[in-house]
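Participant: predicted model and sequence below, questions to follow.
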Amino acid sequence: MNYLPTPIDIKELTRADLICLLQEERIAPYRAGQIFKWIYQHQVDRFEEMSDLNKPLRRQLAARFVIGRLHRTAVETARDGARKYLLRLNDGRFIESVLIPEKEHYTLCISSQVGCAQGCRFCLTAQEGFIRNLTMGEIIAQVRDAVLDIPAADPRRLTNIVFMGMGEPLANLTHVIRALQIITDADSGLKFSARRVTVSTAGLAAQLDRLGRETEVNLAISLNAADNKTRSRLMPINRRYPIEVLMAACREYPLKPRRRITFEYILIDGVNDGDKDARRLVDLLRPVRAKINLIPFNEHDGSPFCRPDEARILKFQEILTSQNYTAVIRHSKGQDISAACGQLNARNRDGCPASGSASAMA
């Protein structure tokens, strides 16, 4: 192999990338699968541990690559078991991920960017602005590392991945798609079913077709209003891709059989939670195979918005279900910790210690 002065993280390579590099050195392609199984299924951190590789190959790999992990800076654990991680990247930037316990499994919410450029008014991450895209390896590392945080005695496994953390996944689509190849690789990757992976977007309509053509994961649209005036107030991306354009892209999306697009709707008191808003949503989604997640607003310091009361939330849901929509109320986990996306990062940036049952980790 042609060695580089500084080893690179092997998680920045797809299996096809690694096969090409190995073939340049006349190493059999099947070795790439062996190497990736050690990294993603056996969770080894050193090439020396890859016992079915010959020693010269192990030395070659160690000279060129590293198997990196993210630096876990802080963890907050909620009473309901949700765990929020503040993760430091190699350049000193921070991202967040959240491990969410469900009745029979775990769901991991991961980030795709450091900060975000979309400027959604209800989102704390937006206050940070956009700093940079995450690399393929940094996206994968959030999943790979979280698997180790589930006790062996816990019968629940991590089965669901949602790209709903910091950043806009479709604004970093190339790295997201490359990471998804590893996450959903059932042979030598992380072996997650594509049906249990969801990519959520604020509505970058021009990128939807590529996501649908190049992946088989689920699509979620952060909608939050059924009229342009309200949605533009909440989400500046609507001025670039107004609702008519977004819905046209949804109608043309290459949706797999028996799949539906999930529309996420954050309910905000007095802004988008009225009966008229619900009826507009009913009419808007008629042409699309859709289901709706209703998410009561997660209040945080400095936000001008409030959560509706429970009666209003239930009334909104009733209007949707009466029109034969699947509309599920999603209550945020971890309400007693820094639950809002970007909140733990913001507190760290401001020099405040993490609260709740937090622990600092190297």
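Facilitator: Noted; the coordinates are in hand. Numbering: from 1, shown residues only.
Participant: endpoints of stretch 150-167, how far apart?
Facilitator: Separation of the first and last residues of stretch 150-167 by C-alpha to C-alpha, to the nearest Å is 25 Å.
Participant: what's in contact with it?
Facilitator: 95-99, 101-102, 104-116, 125, 133-134, 143, 146-147, 169, 176, 183, 192-193, 196-200, 220, 341-342, 345 (C-beta atoms under 8 Å, 6 or more residues apart in numbering). Glycine gets a C-beta too; all of them are placed from N, C-alpha and C.
Participant: let's go with 6 Å and repeat that
Facilitator: 95-97, 105-113, 116, 125, 147, 169, 192, 196-200 (C-beta atoms under 6 Å, 6 or more residues apart in numbering).
Participant: which of these count as buried?
Facilitator: 95-97, 106-113, 116, 125, 147, 169, 192, 196-200 (16 or more other C-beta atoms under 10 Å).
Participant: where exactly do the helices run in the stretch 101-250 of the chain?
Facilitator: All helices of the stretch 101-250 of the chain, identified by DSSP state H, counting those that start in this stretch, fall at 136-147, 173-183, 205-214, 228-234, 237-240, 243-252.
Participant: would you reformat those helices as a markdown table and include mean pLDDT and distance to Ile292?
Facilitator: Formatted as a markdown table, the helices of the stretch 101-250 of the chain follow (pLDDT from 0 to 100; distance: least, C-beta to C-beta, whole Å):
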| stretch | mean pLDDT | distance to Ile292 |
| --- | --- | --- |
| helix 136-147 | 98 | 27 |
| helix 173-183 | 98 | 24 |
| helix 205-214 | 98 | 18 |
| helix 228-234 | 98 | 15 |
| helix 237-240 | 98 | 18 |
| helix 243-252 | 98 | 13 |
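Participant: nearest to Lys84, out of those?
Facilitator: Nearest to Lys84 among the helices of the stretch 101-250 of the chain is helix 136-147; the distance by C-beta to C-beta comes to 11.4 Å.
Participant: what angle separates that closest one from helix 173-183?
Facilitator: Helix 136-147 runs at 40 degrees relative to helix 173-183, counting by axes from the mean of the first three to the mean of the last three C-alpha atoms, to 10 degrees.
Participant: in CSV, list the C-alpha atoms belonging to helix 136-147.
Facilitator: The C-alpha trace of helix 136-147 is given here as CSV (Å, rounded to 0.1, in the frame of the first residue of the first chain):
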residue,chain,number,x,y,z
MET,A,136,-19.0,9.6,6.8
GLY,A,137,-16.9,8.2,9.6
GLU,A,138,-18.2,10.6,12.2
ILE,A,139,-21.8,9.7,11.3
ILE,A,140,-21.1,6.0,11.5
ALA,A,141,-19.1,6.4,14.8
GLN,A,142,-22.2,7.6,16.6
VAL,A,143,-24.0,4.3,15.8
ARG,A,144,-21.0,2.1,16.4
ASP,A,145,-20.1,3.6,19.7
ALA,A,146,-23.7,3.6,21.0
VAL,A,147,-24.0,-0.2,20.5
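Participant: one step back: so of the contacts of stretch 150-167, which ones are in strands?
Facilitator: 95-97, 105-109, 113, 197-200 (DSSP state E).
Participant: widest-spaced pair of those residues?
Facilitator: Maximum distance among the ones in strands among the contacts of stretch 150-167 (C-beta to C-beta): 26.4 Å, for His105 and Gln113.
Participant: for the residue most central in space within the chain, give me the pLDDT.
Facilitator: Centroid-nearest residue in the chain, with C-alpha atoms, centre = their mean: Phe163, separated by 1.7 Å. The per-residue pLDDT reported for Phe163 equals 98.
Participant: so what's the residue count around the nearest residue to Pro29 once chain neighbours are set aside?
Facilitator: Nearest non-adjacent residue to Pro29, counting by C-beta to C-beta, 6 or more residues apart in numbering: Ile19, 4.6 Å away. A total of 18 residues lie near Ile19 under the criterion other C-beta atoms under 10 Å.
Participant: if I look at Ile19, how far off is Arg31?
Facilitator: 8 Å (C-beta to C-beta, to the nearest Å).
Participant: next up, the contacts around Leu208.
Facilitator: With contact taken as C-beta under 6 Å, 6+ apart, Leu208 is in contact with 249, 253.
Participant: so what's the residue nearest to the centre of the chain bridging to?
Facilitator: Using DSSP bridges, the beta-bridge partners of Phe163 come out as Val199.
Participant: distance of it from Arg330?
Facilitator: 16 Å.
Participant: what does Lys103 give?
Facilitator: 14 Å.
Participant: okay, those two: which has more neighbours?
Facilitator: Using other C-beta under 10 Å as the criterion, Lys103 and Arg330 rank with Arg330 on top: 13 against 5.
Participant: give me the pLDDT for that one.
Facilitator: 91.
Participant: dump the helices of the stretch 101-250 of the chain into a markdown table; add distance to Gly129 as well.
Facilitator: Formatted as a markdown table, these follow (distance: least, C-beta to C-beta, whole Å):
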| stretch | distance to Gly129 |
| --- | --- |
| helix 136-147 | 19 |
| helix 173-183 | 19 |
| helix 205-214 | 21 |
| helix 228-234 | 18 |
| helix 237-240 | 15 |
| helix 243-252 | 23 |
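Participant: nearest to Arg289, of those?
Facilitator: Of the helices of the stretch 101-250 of the chain, the one closest to Arg289 (C-beta to C-beta) turns out to be helix 243-252, at 9.3 Å.
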